[in-house]
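[1] got a structure for you, letters missing:
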């Protein structure tokens, strides 16, 4: 796969038009280098299909689900960094959530895939006041909701668990990406409450990681800065949503699912959450492919690599030629 395609998959299509950038936030990371034949055979036995996975500790040693549950018994928040639309990752998420929900400490589900604007409708669905069709019609649920996120919400519904619609509405994230974080100063009242009170774009390990992934993308520095502002709008809002829920329900553990880039190595959402509540014990599980190293102490979820989106720039350009960029009114000149 080309370097361009690799970086796009890591970020959730960051080089595409902003409407596509903001439709996802983590893609498939390509394994660098080749594994020897023996290791490759072991990999094929362990993760023989896109539905198979192997849970591992931070050192890459196989780990049983029972041991993970013991390890996270004192965790206040458990975050799973996913690759969107990866069957094995979503299967693992459902199994882990079901196991956590069966434990004595009450559980809440937190999701990147619904925004704060969806919370009221989501609550109505969980309470049995509306059906799933109405939920999907009246919210900005992702296109892959039924295949990938429905199992999580249904665990919550059947067991009467709260679900946190943690993210910022896409409109506001797009506007930050086009105008910069100062855009948030132009909204107020109920609209402003849909986004985190503070979006910090100052230098940090997360910012450096973001900039590092953007190298070679041939974008102006100002443009990249605005894109990081959009990324931080996601992370800050998800972190604040979790922090507010924990403040109101300190007895509950939170199970948070989001794109891998938001959580890997304790950066992004996790780092923002600790700014708001430094006492929280957060545990991370991150999807990886064979041979991939992680920067933190995350538990690893070894899965097969997803198919490439494209193999070269020409194919990418052909695929994107028919893409229509959605328009949003940000209330000022986009230039």
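    Nice, thanks for sending it over. All values reported here derive from a predicted model rather than from experimental measurement.
[2] so what pLDDT did residue 43 get?
    pLDDT for residue 43: 59.
[3] before we move on, what about residue 213?
    Reported pLDDT for residue 213: 89.
[4] that one: which element?
    helix 205-214 (DSSP states H and E).
[5] now for that helix, which elements pack on it?
    helix 3-11, helix 221-248 (3 or more C-beta pairs under 8 Å, 6 or more residues apart in numbering; DSSP states H and E). Where you see a C-beta, it was placed from the backbone N, CA and C, and this is true even at glycine.
[6] compute the number of surrounding residues for residue 235.
    28 (other C-beta atoms under 10 Å).
[7] which parts of stretch 305-318 are buried?
    Across stretch 305-318, burial judged by 16 or more other C-beta atoms under 10 Å covers 305, 306, 309, 310, 316.
[8] and the angle from the helix holding residue 213 to helix 221-248?
    140 degrees (axes from the mean of the first three to the mean of the last three C-alpha atoms, to 10 degrees).
[9] tell me the least confident of the buried residues of stretch 305-318?
    Lowest pLDDT among the buried residues of stretch 305-318: residue 316, 90.
[10] nearest residue to that residue in space, please, no chain neighbours.
    residue 310 (4.5 Å; C-beta to C-beta, 6 or more residues apart in numbering).
[11] looking at this, the one you found is in a strand?
    No: under DSSP: H, G, I helix; E, B strand; the rest coil, residue 310 falls outside any strand and is assigned coil.
[12] residue 66 versus that one, what's the distance?
    Residue 310 sits 41 Å away from residue 66, going by C-beta to C-beta, to the nearest Å.
[13] what does residue 270 give?
    For residue 270, the distance to residue 66 - C-beta to C-beta - is 25 Å.
[14] my read: residue 151 touches residue 94, true?
    Yes: at 4.1 Å, residue 151 counts as touching residue 94 under the criterion of C-beta atoms under 8 Å.
[15] so where do the strands sit in the chain?
    Using DSSP state E, the strands of the chain run over residues 53-56, 77-82, 107-115, 163-167, 253-259, 282-288, 299-303.
[16] what about these, which gets the closest to residue 140?
    Checking those against residue 140 by C-beta to C-beta gives strand 107-115 as the closest, at 6.1 Å.
[17] for that closest one, what is the average pLDDT?
    The model assigns strand 107-115 a mean pLDDT of 98.
[18] which parts of it are buried?
    Counting neighbours by 16+ other C-beta under 10 Å, strand 107-115 gives 107, 108, 109, 110, 111, 112, 113, 114, 115 as buried.
[19] repeat for stretch 119-136
    119, 121, 122, 125, 126, 130, 135, 136.
[20] what of stretch 236-249?
    236, 237, 238, 239, 240, 241, 242, 243, 245, 246.
[21] picking up where we left off before, pick out the most distant pair among the buried residues of strand 107-115.
    107 and 115 (21.3 Å).
[22] let me see the contact set for residue 65.
    55, 95, 96, 99 (C-beta atoms under 8 Å, 6 or more residues apart in numbering).
[23] mind pulling up the pLDDT for it?
    So residue 65 comes in at 97 (pLDDT).
[24] what of the one 4 residues further on?
    The predicted structure scores residue 69 at 98 on the pLDDT scale.
[25] okay but it is in contact with residue 101, surely?
    No: using C-beta under 8 Å, residue 69 is not in contact with residue 101; the gap is 11.5 Å.
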